[in-house]
Each structure stands twice: as C-alpha cells, then as structure tokens.
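Peer 1: Predicted structure and sequence below. I'll ask about it afterward.
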Amino acid sequence: MSAEPRQLIHVRSMRARDVPAVLAIEQVSYGYPWSERIFRDCLRVGYRGWVATALDDQVVGYGMLSVAVGEAHVLNLCVAPDFRGLGVAGLMLEAMITQAELERAESVLLEVRPSNSAARRLYKRRGFKRIATRPGYYPSPDGREDALLLALELDF
C-alpha cells in the first residue's frame with residue numbers, strides 16, 4: 001500500500017453487516033476484545049460507528065463514538081495490523097472529531113493505555129491533552145493497567 005492513505009482509504013458509516021470484519025480486527029488486535037454483542041449494541045443505541053475500507057471494500061479499521069450532553073467520547077479506534085502506520089487511524093479520528101463538532105460537542109474524550117505509544121503520539125499530534133488517570137481501567141496479563149484520560153477541546 002502507498003504511504004498516501006487518503007487516496008486509497010475510504011471512511012464511511014459502520015453498518016451492521018460490517019460487524020464480522022470489525023470483530024475479526026478487534027480479536028487480533030486486543031488481548032481483551034469487545035464482543036460482537038457490544039458492537040451491535042453500540043450501533044443499536046445510536047452510537048456513531050465508522051469503518052475505513054481499502055479500494056476493494058475490505059474493512060481495515062473502525063471507530064466508535066458516543067455523543068451526549070455536549071461531550072463526545074471515543075469508545076474504540078483500531079486499525080488492522082497490516083494497515084498500521086499509514087495514517088488510517090488519523091483519518092478515522094478526524095471523522096469522529098468532525099461528527100462531534102456537527103453534534104455541537106464541546107470536547108472529545110478518550111482513554112488510552114500508557115503502553116500504547118503509537119496511539120498516544122497520534123492523539124498528542126491532534127491536540128489531545130491528558131486530564132486524568134483512571135487507575136486499573138484496562139485488564140492486562142499482569143492484572144490491570146491504568147488509562148490516561150485525554151481531552152480535546154472543540155471550538156465553534
């Protein structure tokens with residue numbers, strides 16, 4: 001794949017039929033993946049989901065966002081291993097931020113593992129700031145891992 005994902009990747013709304021492909025990426029990416037039911041429930045209750053697709057309509061990434069009471073929350077953002085480092089996560093994140101702005105959210109929040117240096121770099125580049133730590137938020141092989149709570153303030 002070329003280093004210019006904006007020409008090769010399309011970001012669109014997630015559909016129920018995308019869930020099996022999303023789930024496959026989730027399962028190879030995380031030791032403690034979301035279940036199919038969680039993805040379907042998120043779509044059912046109206047959370048905004050996106051998928052990034054390659055030219056052949058192969059799902060190569062996904063994101064899930066909730067927006068309520070002036071606040072957006074990135075619930076999940078993941079890219080298939082073979083497509084990491086190509087800017088796909090950035091495209092997905094921009095789609096979520098744009099949606100948050102359209103829904104008049106004042107901020108976008110997310111949690112990230114301190115050990116996820118690639119994601120932390122992406123969020124820092126986009127302007128997210130650390131506002132708190134959630135102790136023991138994530139399951140890990142050694143017990144629990146903290147989460148860094150990051151926020152991006154939106155301007156109108």
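Peer 2: Structure received. Numbers count the residues shown, from 1 in each chain.

Peer 1: Contact partners for the residue sitting nearest the centre point of the chain?
Peer 2: Residue closest to the average C-alpha location in the chain (Cα atoms, centre = their mean): L77, at 1.7 Å. Counting by Cβ atoms under 8 Å, 6 or more residues apart in numbering, L77 touches 61-64, 89, 92-93, 96, 110, 119. All C-beta spots, glycine's among them, are computed from the backbone N, C-alpha and C.

Peer 1: ok, the strand or helix carrying it: who's next to it in the sheet?
Peer 2: In the assignment (DSSP states H and E), L77 maps to strand 71-79. Strand 71-79 sits in its sheet next to strand 59-68 (antiparallel), strand 107-112 (parallel), going by DSSP bridges.

Peer 1: What helices and strands are in contact with the helix or strand harbouring R121?
Peer 2: Using DSSP H and E, R121 maps to helix 117-126. Judged by 3 or more Cβ pairs under 8 Å, 6 or more residues apart in numbering; DSSP states H and E, helix 117-126 is in contact with helix 88-102, strand 107-112, strand 143-153.

Peer 1: now that helix and strand 107-112, what's the angle there?
Peer 2: 160 degrees (axes from the mean of the first three to the mean of the last three Cα atoms, to 10 degrees).
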